[in-house]
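In: Below are the sequence and a predicted model for it; my questions follow.
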Amino acid sequence: MSSSTSSPHYQMQPWRLWVIYGVVALVLGSLLFRLINLQVIQGIDWLDQAVENYTTTDSIAPARGIIYDRNGYILAGNIASYSVVITPANLPDSDADIQNIYRDLSELIDVPATQGTIEDAKLVAECVPGPGIEQLVALGESLAPYQPVKVKCDVDEEVARMTQQIKEGASKPKPKIMFEEGESIRVIDGPFANFSGFIDEVMQEKEKLRVMVQVFGRATPVVLDYTNVEKA
């Protein structure tokens, strides 16, 4: 007589299968959503970032001012661009002289001599209308007094030339001694140095004198700067 044993058959509960199916479906759904988000919804942004990562922009100065083609036609030319700048450290010591410069520039470049506050100047970029010249220069002086401050950009050549004249007039030393016609003087500089004479005419606006200098016993008219003579 013989007997045999058999292992019991294991059967998974249905709810466990549904749980497994649910987990698999959730994972696949998450991957699918991520794929759609990367490729469709944010695809352009990621593409732009990829292009930005492998490209760079370099500004290369041309070897020549004007570029011609092989037939002699101009491909790229130059157009002069002028800006009006003020270096705070180079302004005169006198507040009155500084205000005169601001007023002259204001009439020339159509920027208010004074307007707003320094805080307003901090809120705008260079050459943006709003603050006055005084406020822009004051802000520049507080940050970097030796750094030029732009108060007007892209002015024409004539305006640039006139502002240069204002600069030269401001930097030119003012005479501390006034002259009168008929005064005796002595020339201290130039080809007539050490000659004596008298003032025939005072050209105050030009800061020049017409002086009658004795040359070989004759009175010879000579035009000299204020700085070329001294009172005898």
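Out: Good, I have the coordinates.

In: give the contact list for the spatially most central residue of the chain.
Out: Residue closest to the average C-alpha location in the chain (Cα atoms, centre = their mean): Lys150, at 4.7 Å. The neighbours of Lys150, taking Cβ atoms under 8 Å, 6 or more residues apart in numbering as the test, are Ser83, Val84, Val85, Glu126, Cys127. Backbone N, C-alpha and C define where each C-beta goes, glycine included.

In: Can you name the next helix or strand after the helix or strand bottoming out on mean pLDDT in the chain?
Out: Within the chain, no helix or strand scores below helix 157-171, which has a mean of 73 by mean pLDDT, DSSP states H and E. Using DSSP states H and E, the next helix or strand after helix 157-171 towards the C-terminus is strand 184-187.

In: What strands flank that following strand, and is each parallel or antiparallel?
Out: Counting by DSSP bridges, the strands paired with strand 184-187 are strand 196-203 (antiparallel), strand 229-231 (antiparallel).

In: CSV for the ones you listed, including distance to Ile101 and mean pLDDT?
Out: Formatted as CSV, the strands paired with strand 184-187 follow (distance: least, Cβ to Cβ, whole Å; pLDDT from 0 to 100):
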stretch, distance to Ile101, mean pLDDT
strand 196-203, 23, 89
strand 229-231, 28, 86
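
In: To Leu47, which of the ones you listed lies closest?
Out: Leu47 sits nearest to strand 196-203 of all the strands paired with strand 184-187, at 72.6 Å, using Cβ to Cβ.

In: After the closest one, which helix or strand is next?
Out: Proceeding N to C from strand 196-203, the next assigned helix or strand is strand 208-215, under DSSP H and E.

In: Show me what that following strand is packed against.
Out: On a contact count with 3 or more Cβ pairs under 8 Å, 6 or more residues apart in numbering; DSSP states H and E, strand 208-215 meets strand 184-187, strand 196-203, strand 218-225.

In: any idea how the chain splits into domains?
Out: With domains defined by automatic domain parsing, the chain comprises 82-171, 184-231.

In: Can I get these in JSON lines including distance to Ile74?
Out: Converted to JSON lines, the domains of the chain look like this (distance: least, Cβ to Cβ, whole Å):
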{"stretch": "domain 82-171", "distance to Ile74": "20"}
{"stretch": "domain 184-231", "distance to Ile74": "43"}
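
In: and Val40, which of those is closest to it?
Out: Taking the domains of the chain one by one with Cβ to Cβ, domain 82-171 is closest: 38.5 Å.

In: one step back: and the helices and strands packed on strand 208-215 as TSV, adding mean neighbour count and distance to Leu139?
Out: Shown next, in TSV, are the helices and strands packed on strand 208-215 (neighbours: other Cβ atoms under 10 Å; distance: least, Cβ to Cβ, whole Å):
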stretch	mean neighbour count	distance to Leu139
strand 184-187	17	46
strand 196-203	16	40
strand 218-225	14	37
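
In: Just tell me which of those ends up closest to Tyr21.
Out: strand 218-225 (103.0 Å).

In: avg pLDDT for the closest one?
Out: Across strand 218-225, the average pLDDT comes to 86.

In: If I take it and strand 196-203, what angle do their directions form?
Out: 50 degrees (axes from the mean of the first three to the mean of the last three Cα atoms, to 10 degrees).

In: how about the helix ranked longest in the chain as CSV, C-alpha atoms only?
Out: For the chain, the helix with the greatest residue count under DSSP state H is helix 14-36. Extracted C-alpha coordinates of helix 14-36, given in CSV (Å, rounded to 0.1, in the frame of the first residue of the first chain):
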residue,chain,number,x,y,z
PRO,A,14,-7.6,39.5,-7.1
TRP,A,15,-7.2,42.7,-5.2
ARG,A,16,-3.4,42.2,-5.1
LEU,A,17,-3.4,42.0,-8.9
TRP,A,18,-5.3,45.2,-9.1
VAL,A,19,-2.8,46.9,-6.8
ILE,A,20,0.1,45.7,-9.0
TYR,A,21,-1.7,46.9,-12.2
GLY,A,22,-2.5,50.2,-10.5
VAL,A,23,1.2,50.8,-9.5
VAL,A,24,2.4,49.9,-13.0
ALA,A,25,-0.2,52.2,-14.6
LEU,A,26,0.8,55.0,-12.3
VAL,A,27,4.5,54.7,-13.1
LEU,A,28,3.8,54.5,-16.8
GLY,A,29,1.4,57.5,-16.6
SER,A,30,4.0,59.5,-14.7
LEU,A,31,6.7,58.8,-17.3
LEU,A,32,4.3,59.6,-20.1
PHE,A,33,3.3,62.9,-18.5
ARG,A,34,7.0,63.8,-17.9
LEU,A,35,7.8,63.0,-21.5
ILE,A,36,4.9,65.2,-22.8
